[in-house]
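Peer 1: okay, sequence plus prediction incoming.
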Amino acid sequence: MGQLRCDPVGGRWVIVAAERGARPGDSRRGARVPKGGFCPFCEGNEDRTPPEILAYRNDGLPADGPGWRVRVVPNKYPALQSEGDPEQRDYGVYEVRNGIGAHEVFIESPKHVLSPTELPADDLKEVMWAYQDRMRELKNDKRLIYALVFKNVGESGGASVEHTHSQLICTPVMPKRVQEEMANCEEFFKSEGRCLLCEIVAHELRERERVIVESDRFVALAPYASRFPFEMWILPKGHASHFEETPRDALDEFAGVLHEALLRLDASLEQPPYNYLLHTGPLTRAPVDYYHWHVEVIPRVTSVAGFEWGTGFYINPVAPETAAECMRNVVLEEAREHALGRGGAL
């Protein structure tokens, strides 16, 4: 019999319906294949992007030229513009504001690869540093309320450019999804005197049934009420509400856990399209005791259809316990060699 499971953080119900016949392998969508052709994100094509905002490059080399390791540029087609005032106006029963914010692209490697798993794990560290550096800088803009970092991998994952990259969008309002998470966590804290996400981490580390990757300070797990097959959350073990306040040595450790988790996902589902997104405290709020930053990894292997849109429920045909076991059983060295071989072949 299937189960109805409630996600206490998002406040949503999920139907785990493994009896619908899905096996872990049924979620595979086929390997990512490079399209070839011109890529504006490759080293040597810096003049085809807007001027860089931030870059980690070898000493003495000029901006907007070769020699970089990670490069951040404004999005050429931004969802929100940095100039102006987020003026609010009423239009009958509607509310409207100017589209003020920030929209930036993190080019994660000068090499043309499709995924961070095709790079050495150490290369991901500086990507995490760049997220942190940009979020800290954007905090100084008092118009901005929230910063969301996200990554789209694969065409059906929303990647319009296949070269591995991620994005940051800052908004002058709080996103509803994060606001709901924070409200649920605050309510739990007021009732129980503890952080809900800290409690989830402690519970999962005791049970270990849904743990996928673990280090001294971080854990990757399949959430109890997973919305999608092979969904993962990566969280600090210790309480931390704001990603940008994380010490650099901890960020390095986090990058290693994220890299391994993505390797295990790639090996289990043969390089699926996916998204990851970073939920953290608002730019305008000091660290709080009731919220806990985390990264959600969402494989794009099932479709959201009528029932999901009509109810807000999700139907997941692969139990998170099954998905976690499958990813734990990946032979990591084989997965790493295979991924690096793909990157070296491009």
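Peer 2: Alright, I've got the coordinates. Residues are numbered from 1 along each chain as shown.
Peer 1: from here on, just use CA atoms for contacts and neighbour counts.
Peer 2: Fine.
Peer 1: report the contact partners of P299.
Peer 2: When contacts are counted by Cα atoms under 8 Å, 6 or more residues apart in numbering, P299 touches 228-231, 272-275.
Peer 1: again, 7 Å this time
Peer 2: By Cα atoms under 7 Å, 6 or more residues apart in numbering, the residues touching P299 are 230-231, 272-275.
Peer 1: same thing with L283?
Peer 2: L283 makes contact with 139, 145-147 under the criterion Cα under 7 Å, 6+ apart.
Peer 1: filter the residues you listed to the buried ones?
Peer 2: 139, 145-147 (16 or more other Cα atoms under 10 Å).
Peer 1: filter the residues you listed down to just the ones in strands.
Peer 2: Among these, the ones falling in strands (DSSP state E) are 146-147.
Peer 1: for the longest helix anywhere in the chain, packing partners?
Peer 2: Criterion DSSP state H: the longest helix present in the chain is helix 248-269. In terms of contacts (3 or more Cα pairs under 7 Å, 6 or more residues apart in numbering; DSSP states H and E), helix 248-269 is packed against helix 123-138, helix 320-328, helix 332-344.
Peer 1: could I get the full set of helices for the stretch 101-250 of the chain?
Peer 2: 123-138, 176-192, 196-207, 248-269 (DSSP state H, counting those that start in this stretch).
Peer 1: contacts for the shortest one, please.
Peer 2: Looking back up the chat, that one is helix 196-207. Identification of contacts with helix 196-207 by Cα under 7 Å, 6+ apart yields 185, 188-189, 210-211, 237, 239, 292.
Peer 1: what angle separates it from helix 176-192?
Peer 2: Taking axes from the mean of the first three to the mean of the last three Cα atoms, to 10 degrees, one finds that helix 196-207 is oriented at 80 degrees with respect to helix 176-192.
Peer 1: again, but for the longest one
Peer 2: Here helix 248-269 points in a direction 110 degrees away from that of helix 176-192 (the same axes, to 10 degrees).
Peer 1: number the chain from 56, please
Peer 2: Okay, residue one is now 56; in that scheme the one you just asked about reads as helix 303-324.
Peer 1: helix 303-324: what's the following helix or strand?
Peer 2: strand 329-334 (DSSP states H and E).
Peer 1: can you list contacts of that next one?
Peer 2: For strand 329-334, the external contacting residues (Cα under 7 Å, 6+ apart) are 203-209, 212, 233, 348-355.
Peer 1: returning to what we had before: Y186: which of the contacts of helix 251-262 is nearest?
Peer 2: Nearest to Y186 among the contacts of helix 251-262 is H347, at 17.2 Å by Cα to Cα.
Peer 1: next, the buried residues of stretch 257-275.
Peer 2: Buried residues in stretch 257-275 (16+ other Cα under 10 Å): 259-260, 264-269, 273-275.
Peer 1: before we move on, the earlier item: how about a markdown table for the contacts of P354, with pLDDT, neighbour count and distance to P95 added?
Peer 2: Converted to a markdown table, the contacts of P354 look like this (pLDDT from 0 to 100; neighbours: other Cα atoms under 10 Å; distance: Cα to Cα, whole Å):
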| residue | pLDDT | neighbour count | distance to P95 |
| --- | --- | --- | --- |
| F285 | 97 | 29 | 32 |
| E286 | 97 | 26 | 31 |
| P327 | 94 | 24 | 24 |
| P328 | 94 | 25 | 21 |
| Y329 | 95 | 23 | 22 |
| N330 | 96 | 21 | 21 |
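Peer 1: neighbours of K131, how many?
Peer 2: As a burial measure, K131 scores 12 neighbours (other Cα atoms under 10 Å).
Peer 1: repeat for G212
Peer 2: Counted with other Cα under 10 Å, G212 comes out at 18.
Peer 1: likewise E389?
Peer 2: That count, for E389 with other Cα under 10 Å as the rule, works out to 10.
Peer 1: from the buried ones among the contacts of L338, which is closest to H167?
Peer 2: A202 (27.0 Å).
Peer 1: spit out the contact partners of the nearest residue to the closest one once chain neighbours are set aside.
Peer 2: Closest residue to A202 apart from its sequence neighbours, by Cα to Cα, 6 or more residues apart in numbering: C225 at 4.3 Å. By Cα under 7 Å, 6+ apart, the contact set of C225 is 156-158, 199, 201-203.
Peer 1: do the same with G139
Peer 2: By Cα under 7 Å, 6+ apart, the residues touching G139 are I155.
Peer 1: where in the stretch 106-255 of the chain is pLDDT low?
Peer 2: Along the stretch 106-255 of the chain, no part satisfies pLDDT under 70.
Peer 1: circling back: if you rank the contacts of C225 by neighbours, which is first?
Peer 2: A202 (28 neighbours).
Peer 1: okay, and the beta partners of Y369?
Peer 2: Y369 has these beta-bridge partners by DSSP bridges: V69.
Peer 1: that one and G361, how far apart?
Peer 2: Using Cα to Cα, to the nearest Å, Y369 is found at 10 Å from G361.
Peer 1: okay then, goodbye and thanks.
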